[in-house]
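**Student:** Need coordinates for the below:
(chains A, B, C and D)
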Amino acid sequence: MSEHHHGHSHDDDDPRATDQAVRAEAIESVLIEAGILTDTEVDSFIETWHERIGPMQGAKVVARAWTDASFLDRLRVDANAAVPDVGVDPGRLEHLEVVVNEPGVHHVVCCTLCSCYPWTLLGLPPAWYKSPEYRSRIVREPRAVLAEMGCDVEPTTEINVWDSSSEVRYLVIPERPAGTDGLSEAELAALVTRDAMIGVARIEPVT
Amino acid sequence: MSEHHHGHSHDDDDPRATDQAVRAEAIESVLIEAGILTDTEVDSFIETWHERIGPMQGAKVVARAWTDASFLDRLRVDANAAVPDVGVDPGRLEHLEVVVNEPGVHHVVCCTLCSCYPWTLLGLPPAWYKSPEYRSRIVREPRAVLAEMGCDVEPTTEINVWDSSSEVRYLVIPERPAGTDGLSEAELAALVTRDAMIGVARIEPVT
Amino acid sequence: MDGIHDMGGTQGFGAVSFTPDEPGRVDDRWEAVAGAAVFALLRSGRTNLDAHRHRIERIDPRRYLPITYWGRWLAAVEAAIDEQEIAPPDAVANAVRQAGADPDRSAPPALGPVVALESRENGRTARREIDSPPRFAVGDLVRTSAHAPHAGHHRLPRYARGRQGTIARVYPAFVLPDATAHGRGEQPCHVYAVAFDGTELWGADAEPGLRCHLDVFEPYLSGADEVSEES
Amino acid sequence: MDGIHDMGGTQGFGAVSFTPDEPGRVDDRWEAVAGAAVFALLRSGRTNLDAHRHRIERIDPRRYLPITYWGRWLAAVEAAIDEQEIAPPDAVANAVRQAGADPDRSAPPALGPVVALESRENGRTARREIDSPPRFAVGDLVRTSAHAPHAGHHRLPRYARGRQGTIARVYPAFVLPDATAHGRGEQPCHVYAVAFDGTELWGADAEPGLRCHLDVFEPYLSGADEVSEES
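**Tutor:** Now for the predicted structure:
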């Protein structure tokens, strides 16, 4: 039995959570020492992305787009200029582009090279969006991947994939579900899911 | 601390040597039971490839090619038909092709898709030949890789890479080193290294 | 670089591990350290997003997949501290030791060499105003470069090399990642969404009704009828 | 398939770990089991080399690198036992259990699905005599297919797709791996060594004086002046 041969197996182990945590604390202290990071910034990162910024931002944009055709037009022309109308700060989004689902046309967003994502409108990306499974397959077999994810796209519907390889960020405007005629903008926003704004889900009709 | 998040780290561990050994024994017994494998075949695999077949086969071919121009000609035309001349059984080699180094022309062999290699002439492939480092880099930056491996190729010398993507197997005939005029064929064969027959080394002059 | 990060179209990965509307959260505090540290570094101007991405691309390919997203960010942060000389090379290891732990146990993955380091004074945004108008308009036929734009960081994945497509959207100008990741100025240029038919990318057995859009920086494109300089 | 096995030109891997004339040996007996088992399976006709290679290509990409060469062979052997119904699906696990060990601890990596299994009666050699003469001669300009020949096993790596080269050698006919790996007969055809200039494969910053040769099966080639059916 050769130690040499199996020696590198051990190197392939991931650092366990405790090691990673210790390393991160060391990095944090070094960056605070260097004046790059403040000592409240990690906690405020968690608070920002767990409490303050999330899919509700994108949902407000979608609900308004469903109810106001002129807002949708402005979104299409210059989304960064339009989103403050619904109280959304485009913040770090350098250029927001909307892609609009309609009968026969489905849009889905990805980033094959890293995991670019519209954080400002949707919060932190879910783990699956960052997975090699999604990144590798969604550009090549989106219909199969979407079906596996529970989003069957009609065979006659064209699928448009948007691979975010620049600083442009994409937001899918899903189709407005049936049975929502009488709902207010806030009620509509509550129906809009994060997955639908990435393009991996539809919004179910309200019955 | 989330178990969920780190759960798959454990899955990425390699089975340790003992586990792998137990598994292999189970596979061996199942294949013997099925009449596919005999109970001496694993030992005979080791004996064959550690004791009987190795770079000495290729070295005999090279030494004859250095000393007999008509043999080299026949090697170039139909190497499978020529190698029995020096007592080498082409065996499982379906088509052997020789590539001949000369001043200004260097050849090097690889297999980017798996690790195809002329076992019959050179024995088992060394670990580095099967490594992702060699497989990925040798087709793209062979001059840099060869230099790192201690084989500096003159800037004016052309490098020919042969990527073994079919059942053709390649043998590099290295340049005959200086200082070997008086040597017998057997003495010449003793100078020929396995690495030189892959094309990652030259044979040093005899002084 | 043509690294393991360039995943589009790679086959062999299985089903996406998906639960509907799974919250986007950090699971552990160390992940938030990675996130906050990257944002702080970008704000400080000591690195830029393209150099950050290139550090991730340079992670030992054997480690890229197992350490997952935040682990890659953390490794890139530690590499930035070193490469941009934000702290002495042994600062992080010393801090680990001071916490009573063995720095070797948590050593980050090795990073491959870099052709050139980014500037030490980086802009915080990527969008720029430029005088030259976009070279292409919506509907124009274009072809992407058949080769990687250069050996370092760029944003032209392998699956879209040497492919013909149609300009679908014309975007404002942005700094060129190839330049900013390596301290070669900003070289701002227009960006386009280019639409490729599935069959152009994947051949005759592509899924029917597939159109893939990629954001492409203008230098990666030529008019479809231009003879490429390269071939 | 365009899997992790298709490594030619992938960047990010470091120096080759090399000692001159390191012996080619198995380090552990289990590696010899993997080797002997593959040879025995080939001899038995229950599998063929192309199907064996395709099993390796189908190994979970997260595991392909860490388990190394012989680990990949062993995983392919176990998959062959299952796919070719050489023993009941639980035979190996039961044998591990009988040896007093936990089969889960040594479970092989998962393999991705296969588009079609190979035949249960396979030839032992790959070379064939065919009536049709080679379509190309030494010196002919040719171009490789711009796309993967099909979704399953084939031998056209990504780095050599849609590239122009010159026929350097004309080889005898061999069975087509695309066919034999999937039980689609043998479809024997001529094979060529095609020479590509470094710049054709890697662009203007290729190493000077580089020529890469690849063994290419005739169906992957068209004459350089033919209009491809595909584009």
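**Student:** Would you map the strands across chain C?
**Tutor:** C:127-128, C:141-144, C:164-174, C:189-197, C:210-217, C:221-223 (DSSP state E).
**Student:** Can I get the longest helix seen in chain A as CSV, trimmed to CA atoms?
**Tutor:** As assigned by DSSP state H, the longest helix anywhere in chain A is helix A:17-33. What follows is helix A:17-33, C-alpha atoms only, in CSV (Å, rounded to 0.1, in the frame of the first residue of the first chain):
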residue,chain,number,x,y,z
ALA,A,17,-16.5,24.2,8.4
THR,A,18,-14.5,25.0,11.5
ASP,A,19,-11.3,25.5,9.5
GLN,A,20,-13.1,27.7,7.0
ALA,A,21,-14.6,29.7,9.8
VAL,A,22,-11.2,30.3,11.5
ARG,A,23,-9.7,31.3,8.2
ALA,A,24,-12.5,33.7,7.5
GLU,A,25,-12.1,35.3,10.9
ALA,A,26,-8.4,35.8,10.3
ILE,A,27,-9.1,37.4,7.0
GLU,A,28,-11.7,39.6,8.5
SER,A,29,-9.2,40.8,11.2
VAL,A,30,-6.5,41.4,8.6
LEU,A,31,-8.9,43.5,6.4
ILE,A,32,-10.1,45.5,9.5
GLU,A,33,-6.5,46.1,10.4
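**Student:** can you tell me which residues contact the residue lying closest to residue C:113 once chain neighbours are set aside?
**Tutor:** For residue C:113, ignoring the flanking residues on the chain, the nearest one in space by CB to CB, 6 or more residues apart in numbering or on different chains is residue C:58 at 7.7 Å. Placement of C-beta: from N, CA and C, glycine included. By CB atoms under 8 Å, 6 or more residues apart in numbering or on different chains, the residues touching residue C:58 are C:1, C:3, C:79, C:111-114, D:12.
**Student:** how does it look with 10 Å?
**Tutor:** C:1, C:3, C:5, C:64, C:75-76, C:79, C:109-114, C:152-153, D:11-12 (CB atoms under 10 Å, 6 or more residues apart in numbering or on different chains).
**Student:** Ok, residue A:123 next?
**Tutor:** With contacts defined as CB under 10 Å, 6+ apart, residue A:123 is in contact with A:48-58, A:117, A:194, C:23-25.
**Student:** Distance from the chain centre to stretch C:205-212, please.
**Tutor:** Distance, stretch centre to chain centre, for stretch C:205-212: 25 Å (CA atoms, centre = their mean, to the nearest Å).
**Student:** That one vs chain D: in contact?
**Tutor:** Yes - interface with chain D: stretch C:205-212 contributes C:205-206 (CB under 10 Å from any CB of the partner chain).
**Student:** Mind exporting the C-alpha coordinates of that stretch to PDB?
**Tutor:** Listed next in PDB are the C-alpha coordinates belonging to stretch C:205-212 (Å, rounded to 0.1, in the frame of the first residue of the first chain):
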ATOM      1  CA  ASP C 205     -29.400  17.900 -32.500                       C
ATOM      2  CA  ALA C 206     -29.800  21.100 -30.500                       C
ATOM      3  CA  GLU C 207     -33.100  21.400 -28.600                       C
ATOM      4  CA  PRO C 208     -35.600  22.900 -31.000                       C
ATOM      5  CA  GLY C 209     -36.700  26.500 -30.500                       C
ATOM      6  CA  LEU C 210     -33.600  27.500 -28.600                       C
ATOM      7  CA  ARG C 211     -32.000  30.800 -28.900                       C
ATOM      8  CA  CYS C 212     -29.000  31.700 -26.600                       C
END
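**Student:** Backbone dihedrals for the spatially closest residue to residue A:31 that is not a sequence neighbour, please?
**Tutor:** Distances taken as CB to CB, 6+ apart put residue A:37 closest to residue A:31, at 3.9 Å, once the chain neighbours are dropped. Dihedral angles of residue A:37 (phi, psi; degrees, to the nearest 10) stand at phi -120, psi 150.
**Student:** right, and residue C:11 touches residue D:153 too?
**Tutor:** No - at 11.2 Å, residue C:11 does not count as touching residue D:153 under the criterion of CB atoms under 10 Å.
**Student:** In which helix or strand does the residue lying closest to residue A:153 once chain neighbours are set aside reside?
**Tutor:** Leaving aside its chain neighbours, residue A:153 sits nearest to residue A:106 (5.1 Å; criterion: CB to CB, 6+ apart). Using DSSP states H and E, residue A:106 sits within strand A:105-110.
**Student:** got a list of what residue 176 touches?
**Tutor:** All of this is about chain A. Taking CB under 10 Å, 6+ apart, one finds A:62-63, A:65-67, A:101, A:183, A:188, A:191-192, A:203, A:205 in contact with residue A:176.
**Student:** oops, chain C please
**Tutor:** For residue C:176, the contact set (CB under 10 Å, 6+ apart) comprises C:50, C:126, C:128, C:149, C:154-155, C:184-189, C:191, C:217-220.
**Student:** Swap in 6 Å and give it another go.
**Tutor:** C:187, C:189, C:217 (CB atoms under 6 Å, 6 or more residues apart in numbering or on different chains).
**Student:** pretty sure the second one is touching residue C:221, no?
**Tutor:** No - shown here, residue C:189 and residue C:221 do not form a contact pair, counting by CB atoms under 6 Å, at 10.0 Å.
**Student:** Which ones among the contacts of residue C:58 lie within helices?
**Tutor:** Using DSSP H, the contacts of residue C:58 in helices are C:64, C:75-76, C:79.
**Student:** Reformat the residues you listed as a markdown table; add distance to residue D:46, pLDDT and neighbour count.
**Tutor:** Shown next, in a markdown table, are the ones in helices among the contacts of residue C:58 (distance: CB to CB, whole Å; pLDDT from 0 to 100; neighbours: other CB atoms under 10 Å in any protein chain shown):
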| residue | distance to residue D:46 | pLDDT | neighbour count |
| --- | --- | --- | --- |
| C:64 | 36 | 94 | 23 |
| C:75 | 45 | 98 | 25 |
| C:76 | 48 | 98 | 27 |
| C:79 | 49 | 98 | 23 |
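**Student:** Residue of chain C closest to chain B, please.
**Tutor:** Taking CB to the nearest CB, chain B has its nearest neighbour within chain C at residue C:27, 4.0 Å off.
**Student:** Now for that residue, how many residues are close by?
**Tutor:** 16 (other CB atoms under 10 Å in any protein chain shown).
**Student:** returning to that earlier point: make JSON lines out of the ones in helices among the contacts of residue C:58 and add distance to residue C:165.
**Tutor:** Formatted as JSON lines, the ones in helices among the contacts of residue C:58 follow (distance: CB to CB, whole Å):
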{"residue": "C:64", "distance to residue C:165": "28"}
{"residue": "C:75", "distance to residue C:165": "34"}
{"residue": "C:76", "distance to residue C:165": "31"}
{"residue": "C:79", "distance to residue C:165": "35"}
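**Student:** Go back to these and keep what's next to chain B.
**Tutor:** Contacts with chain B within these, as defined by CB under 6 Å from any CB of the partner chain: none are present.
**Student:** re the thing from before, going by neighbour count, which of the contacts of residue C:176 comes out on top?
**Tutor:** residue C:217 leads those on contacts (other CB under 10 Å) with 25 neighbours.
**Student:** who are the neighbours in contact with the residue sitting nearest the centre point of chain C?
**Tutor:** In chain C, the C-alpha nearest the mean C-alpha coordinate belongs to residue C:53, at 4.6 Å (CA atoms, centre = their mean). Applying CB under 6 Å, 6+ apart to residue C:53 gives the contacts residue A:114.
**Student:** I appreciate the help and will end here.
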